[in-house]
Each structure stands twice: as C-alpha cells, then as structure tokens.
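K.L.:
Sequence first, then the predicted structure, then my questions.
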Amino acid sequence: MTATQSAPAGLDDEAVLLVGHGSRREKSNEQVRTLAADLEDRLGVPVDAGFLELAEPAIPEAIAGLATVVSRVSVVQLSLFAASHVKTDVPLAVEQARADHEGTTIHSGAHLGVHPAIVDLLDDRAAAVEASLGVDRESDDVAVVLCARGSSDPDANGDAHKLARLLYEGRAFDRVEASFVGVTEPVLEETLHTVAKGRPDAVVVLPYMLGDGVLTGRIRDGTDEFDAEYPYVDAAAGDPLGTDARLLDVLGDRWQAARTDSVDMSCDTCKYKVELDGYEADVGGARAMLRALTHRAEHADREDVDDDPHGHDAPEKHVAVCTNQTCAADGAPAVLERLRQAARDSEACDARITRSSCLGRCGEGPMVAVYPDGVWYGGVAADDADRIVSSHLDRDRIVSDIVDQTL
C-alpha cells in the first residue's frame with residue numbers, strides 16, 4: 001500500500017497493533033507510538049502500539065484492549081529483519097492472545113524486511129551525508145557502509161547484505177558494503193579498514209537502525225575514529241530511519257498482507273525450519289519455542305545497561321505449559337493456573353510461567369517445559385504443579401517421576 005492508496009472499505013470493526021521491541025529509553029518508545037499514530041492517519045483504522053519487552057503495553061495487554069472494541073486485529077511488526085523476535089517471540093504472544101480472545105480474529109503480520117521504500121530512504125540518507133562532506137557520487141569515489149545491529153540468525157544477516165546490494169544497484173556508488181555493530185562479522189571497524197584500502201574520496205556510513213540510541217551512537221563514534229585515523233578519506237555517519245513517512249508505505253503493505261493472510265515469510269532459509277550448516281541445534285519448533293521463552297535469560301548477566309542497551313532483568317526460570325488442543329483436553333489449563341498460583345504463593349520461586357503452542361509431544365501431555373534446565377515434564381496433573389514449584393522451581397530438585405525428556 002503506497003501513500004496515494006486509500007484503505008479498503010468496511011474497516012469499522014478492525015484495528016492494527018504495531019509491535020516495537022521496547023526500550024528503557026522512552027524516546028525510542030515514543031518513536032513507535034508516533035509511527036502508530038501516523039499509520040492510523042494513513043490507513044483510516046485504529047492503530048495502537050505494543051511492545052515485546054521493557055515498555056508498556058506488552059503484546060497480550062495491547063491485544064486485550066483492542067479486543068474489547070473490534071473483532072479483528074492485525075499485528076504488524078516494527079522489526080527490521082526476521083530474527084528470533086519475528087520468528088518466535090511475536091508468534092508466541094499472538095498464539096497466547098488467540099487463546100485468550102477466541103471471539104477475536106488476530107492476524108499476524110511480517111516485519112519491515114527488504115522493501116523498495118527502504119532502499120529509497122537509505123539513498124536519501126546517503127545523499128544527505130554526501131552533501132555534508134561536499135562530495136558527489138557522480139564525480140567522486142563514494143563508498144557506503146550499511147551498518148546493522150547483527151544477529152545470530154543467518155536469515156537476518158543475509159537480508160542486511162541483500163539490502164546493501166540493492167542500494168548499490170543502479171547507483172553511482174563506488175561500493176556498498178554491509179557491516180554489523182556486533183554478534184556477527186564483519187564488524188564496522190573491520191569493514192571501514194577494508195574499504196579504506198580502496199582509497200575512496202569519501203565513506204558514508206548508514207546506521208540501519210530505527211532510533212537514535214546507544215547502537216547508533218556507537219556507529220557514529222566508530223566512524224569518527226575512522227575519520228581521524230585516515231586523513232585521506234572523508235567519513236561521516238548518517239541518520240537512522242526515524243519516523244520517515246516511507247516507513248508507512250512499508251507498514252501499509254505489511255498490514256495488507258496480514259489482514260488477507262498472505263504473509264510471505266523467509267522459511268526457505270529459516271534456521272528454525274531447515275538444517276543450516278553451523279545452526280543444526282536451532283532446528284525445530286520446540287527449540288524455537290524455548291529460544292523465545294529464554295530470550296531474557298540469555299541477557300540476564302548483562303548488568304551494565306549503559307554499555308549494553310539490550311541487557312535487561314530476567315526471571316531465573318521460564319516455564320512453558322502446552323495448551324494446544326490435545327494437552328488442553330487433558331487438563332493443561334488447570335495445570336497452568338495451578339502452577340501460577342503455586343508460584344505466587346512461593347517466596348522462593350523466581351519464574352515466568354506462560355502458555356505455549358504445541359511442543360510436539362501430543363498424547364503425552366499435559367507437557368510442562370522448564371528452562372534453562374531443559375527439563376520437560378509429561379502427563380502433568382494439576383496436583384503435580386505444586387511439586388514442580390516447591391521442588392524444581394524453589395530448590396532445583398527435579399521431580400523425576402514425571403520427567404518426559406531433557407534437552
């Protein structure tokens with residue numbers, strides 16, 4: 001859907017939830033809310049903002065609020081690439097919301113991804129830096145480094161390289177390279193040194209970020225250090241994507257795909273769907289689910305929030321209760337509620353207890369998975385919930401007689 005298109009008719013009973021990551025920096029959260037308001041003006045339907053973590057409202061609460069006034073909600077993700085948040089965290093939250101609001105149709109949409117409007121936006125960001133440096137790609141050798149956050153998901157990293165190539169195609173840049181702030185290679189410092197060997201007249205660094213936060217600051221600092229170290233190359237970093245109206249073009253397309261159930265995800269190269277060299281352990285729905293549930297635990301040891309903007313507090317354990325059809329028929333809802341009640345009553349329990357979709361052990365449930373321990377309990381009855389909390393969650397003693405498997 002483009003800026004000149006109007007919203008389809010008959011949308012009085014539909015709303016959109018724009019999902020951002022969430023940040024301790026309220027400025028970043030306000031950016032999501034601004035885009036939600038602008039998208040509402042564009043589409044002509046109510047658009048609320050929700051967050052994965054670190055900000056309110058969370059996705060379940062945001063959907064609950066919309067479910068009281070509309071019968072159909074389309075979830076659109078304000079994520080740049082399809083990594084674990086897009087592939088696991090948001091789908092899990094949507095599945096939970098569907099179970100909680102059976103009378104509401106909830107469509108799950110895609111991330112921003114690779115889109116012509118974003119390529120055009122990056123081109124304009126590069127042009128602004130060129131102007132500040134006094135260079136012209138048509139007459140000077142201008143190299144561009146597109147710097148993304150970096151991910152443990154090869155799909156996401158591959159899309160960063162694809163976006164860099166699309167920015168290069170048809171334009172007079174000397175070269176366009178993809179780089180990353182961390183997690184994967186090549187990191188920005190390495191890429192800049194490599195580009196310098198070609199002795200371009202100027203290097204334009206484009207932070208591929210939505211907001212002007214800590215990571216964007218690191219990119220600017222790294223560019224300034226490079227500029228000082230290489231006096232024969234002029235270098236400067238551009239602005240992040242911000243709330244540019246072209247993002248609304250992308251979000252409009254993603255909304256249209258969501259509401260018509262025509263979302264096209266990159267499943268052919270998804271490490272959770274197929275076996276990729278070096279990522280064999282990540283294959284499978286159950287492992288993907290556990291990765292989603294333990295995302296916070298993986299960052300729990302990162303205590304310096306200023307140095308690590310992605311660090312955040314996390315519970316000691318995550319407990320997932322399968323509430324899919326088979327397990328639900330065997331009493332999973334009662335197990336879930338009993339676990340939550342026992343955890344609330346315990347003074348020692350530090351756990352997050354959530355429902356999950358199918359864990360792939362149909363007929364052997366209700367299934368309860370405890371992570372990071374990797375212990376799965378099978379055939380769990382409501383009475384077993386108290387033992388799981390008092391023994392396993394409180395004292396790290398596995399309830400051996402109901403163990404189904406360990407990962």
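P.N.:
Thanks, I have it.
K.L.:
ok, now how distant is the nearest residue to residue 162 once chain neighbours are set aside from residue 204?
P.N.:
Excluding the flanking residues, the one nearest residue 162 by CB to CB, 6 or more residues apart in numbering is residue 114, at 5.6 Å. Using the backbone N, CA and C atoms, a C-beta is placed for each residue, glycine as well. Look at residue 114 and residue 204: by CB to CB, to the nearest Å, they are 20 Å apart.
K.L.:
More neighbours: which of the two?
P.N.:
Higher neighbour count among residue 114 and residue 204: residue 204, with 28 against 18, using other CB atoms under 10 Å.
K.L.:
List the buried residues of the strand or helix carrying that one.
P.N.:
If you go by DSSP states H and E, residue 204 is part of strand 202-207. The neighbour-count check on strand 202-207 (16 or more other CB atoms under 10 Å) flags 202, 203, 204, 205, 206, 207 as buried.
K.L.:
could those go into JSON lines alongside distance to residue 397?
P.N.:
Converted to JSON lines, the buried residues of strand 202-207 look like this (distance: CB to CB, whole Å):
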{"residue": "202", "distance to residue 397": "63"}
{"residue": "203", "distance to residue 397": "58"}
{"residue": "204", "distance to residue 397": "58"}
{"residue": "205", "distance to residue 397": "53"}
{"residue": "206", "distance to residue 397": "53"}
{"residue": "207", "distance to residue 397": "48"}
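K.L.:
so after the helix or strand bottoming out on mean pLDDT in the chain, what's the next helix or strand?
P.N.:
Every helix and strand of the chain was ranked by mean pLDDT, DSSP states H and E. The lowest is helix 295-298, at a mean of 49. Next along the chain after helix 295-298, taking DSSP H and E as the criterion, comes strand 317-322.
K.L.:
helices or strands next to that next one in the packing?
P.N.:
On a contact count with 3 or more CB pairs under 8 Å, 6 or more residues apart in numbering; DSSP states H and E, strand 317-322 meets helix 285-293, helix 295-298, helix 332-345, strand 351-356, strand 368-371.
K.L.:
Buried residues of stretch 126-143, list them for me.
P.N.:
So stretch 126-143, judged by 16+ other CB under 10 Å, has buried residues 126, 129, 130, 133, 135, 137, 140, 141, 142, 143.
K.L.:
Could you work out the end-to-end span of it for me?
P.N.:
10 Å (CA to CA, to the nearest Å).
K.L.:
who's in contact with it?
P.N.:
Stretch 126-143 is contacted from outside by 144, 167, 171-177, 195, 198-206, 234, 236-239, using CB atoms under 8 Å, 6 or more residues apart in numbering.
K.L.:
Also stretch 324-344?
P.N.:
With CB under 8 Å, 6+ apart, stretch 324-344 has contacts from 319, 321-323, 349, 351, 353, 355, 357-359, 362-363, 365-368, 380-386, 388-390, 393.
K.L.:
Buried residues, that stretch. List them.
P.N.:
Here stretch 324-344 shows 324, 326-328, 330-336, 338-340, 342-343 as buried, counting by 16+ other CB under 10 Å.
K.L.:
Show me which of those is closest to residue 85.
P.N.:
Closest approach to residue 85 among the buried residues of stretch 324-344 (CB to CB): residue 324, at 22.1 Å.
K.L.:
Next one, pLDDT for the closest one please.
P.N.:
Note on residue 324: pLDDT of 75.
K.L.:
now swap in residue 308 and tell me
P.N.:
Value for residue 308, per-residue pLDDT: 48.
K.L.:
hmm, back to that, select only the buried ones of the contacts of stretch 324-344 in ChimeraX?
P.N.:
In ChimeraX syntax, the buried subset of the contacts of stretch 324-344 is picked out as below (16+ other CB under 10 Å):
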select :319,321,322,323,349,351,353,355,357,358,359,365,366,367,368,380,382,384,385,388,389,390,393
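K.L.:
circling back to that earlier point, format the buried residues of stretch 126-143 as TSV; extra columns: pLDDT and distance to residue 63.
P.N.:
As requested, those are arranged in TSV below (pLDDT from 0 to 100; distance: CB to CB, whole Å):
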residue	pLDDT	distance to residue 63
126	98	38
129	98	40
130	98	44
133	97	46
135	97	48
137	97	46
140	96	51
141	97	51
142	98	46
143	98	45
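K.L.:
Just to be careful, could you list which of those are in helices?
P.N.:
Among the buried residues of stretch 126-143, the members falling in helices (DSSP state H) are 126, 129, 130, 133.
K.L.:
Make a markdown table out of the residues you listed and add distance to residue 83.
P.N.:
Shown next, in a markdown table, are these (distance: CB to CB, whole Å):
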| residue | distance to residue 83 |
| --- | --- |
| 126 | 25 |
| 129 | 27 |
| 130 | 31 |
| 133 | 33 |
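K.L.:
Pass me the low-pLDDT residue ranges in this structure, would you?
P.N.:
When residues are selected by pLDDT under 70, those of the chain lie in 1-12, 265-268, 271-275, 280-314, 357, 407.
K.L.:
Nearest to residue 18 among the ones in helices among the buried residues of stretch 126-143?
P.N.:
residue 126 (26.9 Å).
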